[in-house]
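# Structure here, sequence nowhere to be found:
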């Protein structure tokens, strides 16, 4: 990814972060998930008084992408209101890994520090379809097995 592409994705993630609903933690996150075909899907975290109902920005973006028919992803950009770049939480890592572990993750903090990983680096021993005795069920048509 070129520096200009990375900057553009991070700017979009920063914009999504501004919409976050985080009245309890104050920790705002924006995400932009880029599909293989170039379409981009954004999300922000949505907190709830019942904390288990809170939804992370990454899963909001993923749900929007899946609803639009996207099944393969190149990049995920994150912007968080913390002091250092953050990676997706374990639940988001697992959810994203359903669609492949090649996705590049780039994250920027409020101070401008940037970190990058692949999803495989973040979740090396993931639980997947093979653990259930299945081949991959993700299909480009958007239909599961």
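Yep, that arrived. Being a predicted model, the structure only gives us computed values, none of them experimental. Residues are numbered from 1 along each chain as shown.
# and residue 20, how many neighbours?
Per other Cβ atoms under 10 Å, the neighbour tally for residue 20 reads 24. All C-beta atoms are positioned from the backbone trio N, CA, C, and that covers glycine.
# Test my guess that it contacts residue 30.
Yes - using Cβ atoms under 8 Å, residue 20 is in contact with residue 30, at 6.5 Å.
# Mutual contacts of the two, please.
Counting by Cβ atoms under 8 Å, 6 or more residues apart in numbering, the shared contacts of residue 20 and residue 30 are 44, 57.
# Nearest residue to the middle of this structure?
residue 58 (3.4 Å; Cα atoms, centre = their mean).
# which non-adjacent residue is nearest that one?
Spatial nearest neighbour of residue 58, chain neighbours left out: residue 92 (4.0 Å); criterion: Cβ to Cβ, 6 or more residues apart in numbering.
# Is the one you found in contact with residue 55, as I believe?
No - with contact defined as Cβ under 8 Å, residue 92 does not reach residue 55; the gap is 9.8 Å.
# Low-confidence ranges, the chain, go.
136-145 (pLDDT under 70).
# can you map out the helices along it?
For the chain, helices defined by DSSP state H occupy the ranges 3-17, 57-67, 90-97, 119-122.
# where's the second one relative to the chain centroid, distance-wise?
If I follow you right, that is helix 57-67. Mean-position distance between helix 57-67 and its chain equals 8 Å (Cα atoms, centre = their mean, to the nearest Å).
# contact partners of it?
By Cβ under 8 Å, 6+ apart, the residues outside helix 57-67 that reach it are 16-17, 20, 29-33, 35, 39, 41-46, 73, 76, 78, 88-89, 91-92, 95-96, 99, 142.
# Now do the buried residues in that helix.
57, 58, 59, 60, 61, 62, 64, 65, 66 (16 or more other Cβ atoms under 10 Å).
# Repeat that for the shortest one.
Within helix 119-122, the residues that qualify as buried are 119, 122, counting by 16+ other Cβ under 10 Å.
# helices or strands next to it in the packing?
For helix 119-122, the packing partners by 3 or more Cβ pairs under 8 Å, 6 or more residues apart in numbering; DSSP states H and E come out as helix 90-97, strand 104-108.
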